[in-house]
Structures are given as structure tokens and as C-alpha cells.
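1. just need the structure, nothing else, for what follows:
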Amino acid sequence: MKPVRKAIFPVGGLGTRFLPATKALPKEMLPVVDKPLIEYAVEEARAAGIEEFIFVTGRGKTAIEDHFDNHYELEQTLRERGKRLELDQVNGAKLQPGQVAYIRQMEPLGLGHAVWCARNLINDEPFAVLLADDLIQSDKPTLLDMVEAYEEHGGNVVSLMEVPDRHTSRYGIVDPGLSNDRLVEIRGLVEKPDPADAPSNLAIVGRYILQPSVMDYLGSAESGAGNEIQLTDSMMKMVGEGPFNGLRLEGTRFDCGSKVGFLAAGVAYALARDDIGAELHAALSDILDN
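-> I've put the predicted structure just below:
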């Protein structure tokens, strides 16, 4: 069983729900407190042992490339001013030469299409997919949890969470089989089903570990829900080829693709900080009391 060394980050979306802020700034660069969304995703991948980082980008996404690059003038200025903490923070975001690749999606044809665009860099290895919009606050990194499940059971692993029945049309929903604590056997998947047709209320969160054979199915370019190439549709074709499990996530997931979810994430992450948490708590109390 091959280890999971590579991760794909689909970052080619337009971010229309955050206009005008995302007119010139990629939505993945929106900061939660003082760190952009994409950096949280990369940190999670690093903690899970990922060695190669593949960003599937689009037009106007060069800020992401710059963020993970060297910043000589800034670093020198921080060094001269003795700002060691800030210098460490800047250096901590860097990816090493040979670790990172950027692929253009060219057209926004869906998550499945974005993943397929990275096919030539995946070769014959299992890989992870992380959606930066799904920010998960947990003691143990979610992808690390999933890698450990993969190392024990093999096959494909996705992250799961329960959603209200009325919200099944917003997610990929699984048809669950046997369950062992947090691990759930997956017998089928449906993309954004109506509540009446949903096989469960277990939704796929934006974390995946997939076998490379999914690229063959994605290559057929079949459109699904929303007239886009859906990753869920190709994963469905992999059910039965080998182990396919979901892992119920631990922690709190924030949908940072929505304004309310993004704002809630900022508050939650700030409140958890030793340096600003108490001060923010007091400020929020004043706002809510008025």
C-alpha cells in the first residue's frame, strides 16, 4: 500500500459570494484572524505528512503563489528590526523548492475537473484533496486522522459530518453501511440530493484520500449536478473496487465559502488565541449588550 505523499488544493474558484473583496484577491487568501484560509489547509496537509503540494489555480490567483514563496525584502526588514516572531511567521508559510506545483484549470468546470487537471502530477499514487473553504478547528488535524485510517484500512477515505436533513441538497451525501465507532463503510454516494431522496444525512466535508483510478473516471468529462464535473460522481464508480470508508470528523467545521461561516470562523479562532481571546470576548460582550 503506497503512502499518501501528495495533496491537491483546488483554488481556481471565482469567489463570487465575497465580491467585491475577491475582485482582485483570491478567496483562499481571505484571512481568518491573521492567516489566509489556504495556509490553514497547507498546515493541515504538512501535519499529515504530505510532501508534494499541487495547487489547481485560475486567472488572478498569483497571490497564492507569492504567499508561499520567498519575500526577501520583507524578511530583511523584519530581521533588521529584530522582529523575530513575525519573521518566523513569514518563513513558516514557505514551501520548499520542488515541493510545490501550480496547474491552471483554465475553465471553472467543477471540483472533479479541477482534480483531473492534476492527473499528470499524481501518476500512480494515492493522493489527498483539501478544500480551503472547509476550515476545521480540531485538536488533531483532520487529514492526519484520515491518513491513519487509510494506513489501517487502505482504499479511499473521506471526511464525514452530519447535516440537517433539509441541507442534504448542499452536499455530497453517502449511503452508509457498517459503522465502527467513527469509521463508516460507504456503499454509495449522491451529489446534492433532495432531502426526500437522500440515503442519509452524512455529508462529505472537503477532505479526501483517493486512489489514482479516480482520474480515469474523471477523464470521461461527464457533467453532473449544476452541469459541472462532480468529484462525487466519479467516486461513486469506485465503490466496490476496494475499501471505501468515511471518517466522522472531530472538531468544528466552518463553511468559509459563506459569509456567515467565514465570520464565525474568525471569531472562533480568535477566541481560542491566548494573545487576543480575552480582549475579543470582552469586545463581543459589549457589542451584544448594546
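
2. how about the helices in this protein?
-> With DSSP state H, the ranges of helices along the chain come out as 37-47, 62-67, 72-80, 84-92, 111-116, 119-122, 142-153, 214-218, 231-236, 259-271, 277-289.

3. what pLDDT, on average, does the fourth one get?
-> Put plainly, it is helix 84-92. Averaging pLDDT along helix 84-92 yields 88.

4. and for the shortest one?
-> The average of the pLDDT scores along helix 119-122 is 94.

5. do the second one as well
-> Per-residue pLDDT values over helix 62-67 give a mean of 90.

6. what sits up against that helix?
-> For helix 62-67, the surrounding residues in contact (C-beta atoms under 8 Å, 6 or more residues apart in numbering) are Val11, Leu25, Pro26, Glu28, Met29, Pro36, Ile38, Glu39, Phe55, Thr57, Ala93, Tyr102. No exception for glycine: its C-beta is placed from N, CA and C like everyone else's.

7. about what we covered before: just the helices of the chain: most buried one?
-> Neighbour counts (mean count of other C-beta atoms under 10 Å) averaged over each of the helices of the chain peak at helix 111-116, with a mean of 25.

8. circling back: in strands only, show me the contacts of helix 62-67.
-> Pro36, Phe55, Thr57, Tyr102 (DSSP state E).

9. closest one of those to Gln211?
-> The closest of the ones in strands among the contacts of helix 62-67 to Gln211 turns out to be Phe55 (C-beta to C-beta; 21.3 Å).

10. how about the contacts made by that closest one?
-> With contact taken as C-beta under 8 Å, 6+ apart, Phe55 is in contact with Phe9, Val11, Lys61, Ile64, Glu65, Val100, Ala101, Tyr102, Ile103.

11. backbone dihedrals for Gly240, please?
-> phi 100, psi -10 (degrees, to the nearest 10).

12. please report how far Thr57 lies from Leu231.
-> When distance is defined by C-beta to C-beta, to the nearest Å, Thr57 is 17 Å away from Leu231.

13. tell me which residues touch the closest residue to Met235 other than its chain neighbours, please.
-> Here the nearest residue to Met235 in space, its sequence neighbours aside, is Leu189; by C-beta to C-beta, 6 or more residues apart in numbering that works out to 5.6 Å. Neighbouring residues of Leu189 by C-beta under 8 Å, 6+ apart: Gly172, Ile173, Val174, Asp175, Ile204, Thr232, Met235, Met236, Val239.

14. got any ranges where the stretch 151-290 of the chain has weak pLDDT?
-> In the predicted model, the stretch 151-290 of the chain carries pLDDT under 70 at residues 221-227.

15. quick one on the thing from earlier: quick one: which of the helices of the chain is nearest Tyr208?
-> Smallest distance to Tyr208 across the helices of the chain (C-beta to C-beta): 7.4 Å, for helix 231-236.
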